[in-house]
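**Student:** Structure of the sequence below:
(one chain, ligands or ions: 2)
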Amino acid sequence: MISLEDAQARVNAGIEILPAVDVAIADARGLVLAEEVSALEAIPPFANTAMDGFAVRADDLEGVATDRPTELRVVGTIAAGAVAERALERGEAMRIMTGAPIPEGADAVIMVELTEIVAGKTMNGIVDGDDDESGRSDSERENDGGGERVRCLAAVPVGNHIRPAGDDLGAGAVVFEPGEVLSAHHIGVLASLGRETVLVHRRPKVGVFSTGDELVVGPQVLAPGQIRDSNRPTLLSLVAEAGFEPIDLGVLRDDFDEIEAGLRSAVERCDAMITSGGVSMGDFDFVKRVLMTLGDLNWMQVAIKPAKPFAFGFLFGTPIFGLPGNPVSSAVSFELFARPAILKMMGRPDTQRIQESAIADEPLLRSKDGKTHFQRVRAVQHGDGWHVRSAGGQGSHQLAALAAANGLAIIPDGDGIQAGNRVQVMLL
Ligand code: AMP
Ligand code: MG
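**Tutor:** Numbering: from 1, shown residues only. Ligands and ions are numbered 1, 2, ... in the order given. Down below sits the predicted model:
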């Protein structure tokens with residue numbers, strides 16, 4: 001047997017980062033940036049208001065307070081997406097909506113809550129008074145705000161509620177460096193910069209096979225000796241969850257020629273392949289034999305439980321992860337070998353699951369066998385940190401306990417962990 005660290009090092013030694021390609025920003029989430037992104041234009045592109053209210057000249061409101069209000073003439077309305085037709089003069093205000101550009105001449109915004117309409121339209125456009133006795137037509141009145149006046153109840157400093165141009169990003173600023181993992185929020189920034197595509201390391205296409213004569217797909221009644229294929233749906237989901245592109249390659253029989261043909265026909269479509277079953281010491285473990293014949297195989301007995309047998313190699317340059325067949329073993333083997341290695345292919349710096357130190361709320365016992373055990377546990381966070389309990393049966397065929405688990409407790413060789421003692425947990 002070799003140690004887990006040695007096995008992981010053997011895998012990682014051969015793994016290379018996939019080439020960079022241009023990808024639509026909508027498809028780039030989770031991918032790793034391969035270019036420096038800079039802002040070609042300022043964001044926001046123009047000074048605009050952060051509030052609904054009135055654009056004013058701050059010195060018109062000097063000394064103003066609730067008990068000493070002042071009135072300004074309302075000379076227009078600026079919606080988001082519009083621009084003022086003229087500059088603001090002394091004694092004037094323009095109704096302005098969040099995101100609308102600040103008119104020339106204005107240097108502050110007073111929010112609508114600190115104002116009262118004296119005559120004319122309210123913010124909703126409803127006419128609530130009329131003291132205009134000029135005899136002008138409705139359209140003339142509309143153009144200058146309808147003789148509307150606004151009573152301001154507070155003074156405002158210069159720049160009040162104004163978001164200057166370039167306040168988020170200045171033109172020319174470097175926004176993201178290569179190596180950045182793109183999140184939904186990065187996609188938002190790229191969109192705000194007008195980017196439609198971005199240069200990233202390609203999302204790996206990962207093919208998944210099951211192997212075994214006993215496997216049945218679908219709901220039919222099982223014949224004696226048959227079981228249902230659960231590994232392929234599990235692994236395809238784990239692949240998708242990790243941010244890789246899953247390719248379902250079906251079930252292969254325990255037959256040298258069928259496995260060879262299956263691997264050969266899919267290898268060109270895949271950046272990596274995952275098989276389950278057929279890598280142990282049994283008479284029908286053909287995956288191992290095919291890979292030894294066709295490719296460059298590293299067959300390992302890793303000092304872990306579950307998931308001791310593991311095969312890793314390259315078929316025409318494509319990495320192949322030969323995971324063991326037992327359902328829990330294949331999932332754990334995916335976690336320990338395939339997931340980190342394929343994340344590395346994506347250029348991801350964060351290839352490892354988070355580990356926490358937790359208190360065992362019940363004994364997590366085991367027997368001494370020279371292996372590190374990965375027990376399926378339920379981890380919860382309390383005020384004093386993480387606590388774990390067993391998630392159920394620990395057999396490598398007991399998939400239900402894996403489904404109930406959200407972590408793998410890493411139990412070093414020995415008798416296990418007594419209740420109240422600490423254990424490292426890998427959070428899934
Ligand atoms: P193997 O590694 O092929 O010797 O398989 C080990 C155990 O895992 C056997 O009990 C198989 O029946 C079981 N097994 C293998 N492949 C699958 C699969 N795709 N789904 C569920 N169980 C499987
Ligand atoms: Mg088998």
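
**Student:** Show me what from the protein comes close to ligand 2.
**Tutor:** Counting by C-beta under 5 Å from the ion, the residues of the chain close to ligand 2 are Gly212, Gly277, Gly278, Gly325. From N, CA and C alone the C-beta is placed, and that goes for glycine too.

**Student:** any weak-confidence spans in the protein?
**Tutor:** Applying pLDDT under 70 to the chain flags residues 120-146.

**Student:** What parts of it come near ligand 1?
**Tutor:** Within reach of ligand 1 by C-beta under 6 Å from any ligand atom, the chain has these residues: 210, 212, 214-215, 227, 229-232, 276-278, 280, 282, 324-327.

**Student:** Please repeat the previous calculation with a cut-off of 8 Å.
**Tutor:** 210-212, 214-215, 227-232, 251, 254, 276-280, 282, 284-285, 309, 324-327, 329-330, 396-397 (C-beta under 8 Å from any ligand atom).

**Student:** Now, these that are in strands?
**Tutor:** Ser210, Thr211, Leu215, Ile227, Arg228, Val251, Ser276, Pro309 (DSSP state E).

**Student:** just the buried members of those residues?
**Tutor:** Ser210, Thr211, Leu215, Val251, Ser276, Pro309 (16 or more other C-beta atoms under 10 Å).

**Student:** circling back: just the closest of the ones in strands among the residues of the chain next to ligand 1 to ligand 2, please.
**Tutor:** Taking C-beta to the ion as the measure, ligand 2 sits nearest to Thr211 out of those, at 5.9 Å.

**Student:** Against Asp254, how distant is the closest one?
**Tutor:** From Thr211 over to Asp254 the distance is 6 Å, taken as C-beta to C-beta, to the nearest Å.

**Student:** same thing with Arg366?
**Tutor:** 32 Å.

**Student:** returning to that earlier point: can you name the two of the buried ones among the ones in strands among the residues of the chain next to ligand 1 that are farthest apart?
**Tutor:** Farthest pair in those (C-beta to C-beta) is Val251 and Pro309. Separation: 19.5 Å.

**Student:** Now do the same contact list for the one residue sitting closest to the centre of the chain.
**Tutor:** Among the residues of the chain, Ser183 comes closest to the average C-alpha position under C-alpha atoms, centre = their mean, at 4.8 Å. Neighbouring residues of Ser183 by C-beta atoms under 8 Å, 6 or more residues apart in numbering: Arg29, Gly30.

**Student:** and the gap between it and Ile304?
**Tutor:** Distance, Ser183 to Ile304, using C-beta to C-beta: 32 Å.

**Student:** same check, this time on Ser333
**Tutor:** Separation of Ser333 from Ile304 (C-beta to C-beta): 9 Å.

**Student:** Put the alpha carbons of stretch 198-218 into CSV.
**Tutor:** C-alpha atoms of stretch 198-218 as CSV (Å, rounded to 0.1, in the frame of the first residue of the first chain):
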residue,chain,number,x,y,z
VAL,A,198,-13.6,36.5,-21.6
LEU,A,199,-10.4,34.4,-21.9
VAL,A,200,-10.5,31.6,-19.4
HIS,A,201,-9.1,28.0,-19.0
ARG,A,202,-11.5,25.7,-20.7
ARG,A,203,-14.1,23.9,-18.6
PRO,A,204,-13.0,20.2,-18.6
LYS,A,205,-15.3,17.7,-20.3
VAL,A,206,-15.3,14.7,-18.1
GLY,A,207,-16.6,11.4,-19.4
VAL,A,208,-18.1,8.9,-16.9
PHE,A,209,-18.4,5.1,-17.5
SER,A,210,-19.7,2.4,-15.3
THR,A,211,-18.4,-1.1,-15.8
GLY,A,212,-19.9,-4.4,-14.6
ASP,A,213,-21.9,-7.4,-16.0
GLU,A,214,-24.2,-7.1,-13.0
LEU,A,215,-25.3,-3.6,-13.7
VAL,A,216,-28.9,-2.7,-14.8
VAL,A,217,-30.0,0.7,-16.0
GLY,A,218,-33.7,1.6,-15.5
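
**Student:** Need the residues touching each of Thr211 and Asp254.
**Tutor:** Common neighbours of Thr211 and Asp254 (criterion: C-beta under 8 Å, 6+ apart): Gly278, Phe286.

**Student:** The closest residue to ligand 1 within the stretch 201-350 of the chain - how many residues pack around it?
**Tutor:** In the stretch 201-350 of the chain, the residue that lies nearest ligand 1 is Gly325 (2.3 Å; C-beta to the nearest ligand atom). For Gly325, the neighbour count with other C-beta atoms under 10 Å is 24.

**Student:** which residues touch the residue nearest to it when sequence neighbours are not counted?
**Tutor:** Nearest residue to Gly325, sequence neighbours excluded (C-beta to C-beta, 6 or more residues apart in numbering): Gly277, at 3.3 Å. Contact analysis of Gly277 by C-beta under 8 Å, 6+ apart lists Ser210, Thr211, Gly212, Asn231, Asp285, Val287, Pro324, Gly325, Ser330.

**Student:** Pick out whichever of these sits closest to Leu222.
**Tutor:** Using C-beta to C-beta, these come closest to Leu222 at Gly212, 13.4 Å.

**Student:** Pull the number of nearby residues for Arg202.
**Tutor:** Quick note: Arg202 (other C-beta under 10 Å) scores 19 neighbours.

**Student:** same check, this time on the one 3 residues further on
**Tutor:** By the other C-beta under 10 Å criterion, the neighbourhood of Lys205 contains 18 residues.

**Student:** give me the beta-bridge partners of the residue nearest to Gln424 when sequence neighbours are not counted?
**Tutor:** Closest residue in space to Gln424, ignoring its immediate chain neighbours: Ile410 at 4.5 Å, by C-beta to C-beta, 6+ apart. Per DSSP bridges, residues listed as beta-bridge partners of Ile410: Phe374, Gln424.

**Student:** Let me see the contact set for Ile410.
**Tutor:** Contacts here follow C-beta under 8 Å, 6+ apart; on that basis Ile410 touches Gln355, Thr372, His373, Phe374, Val423, Gln424, Val425, Met426.

**Student:** about what we covered before: now, among the ones in strands among the residues of the chain next to ligand 1, which is nearest to Ala155?
**Tutor:** Proximity of those to Ala155 (C-beta to C-beta) peaks at Ser276, which lies at 72.2 Å.
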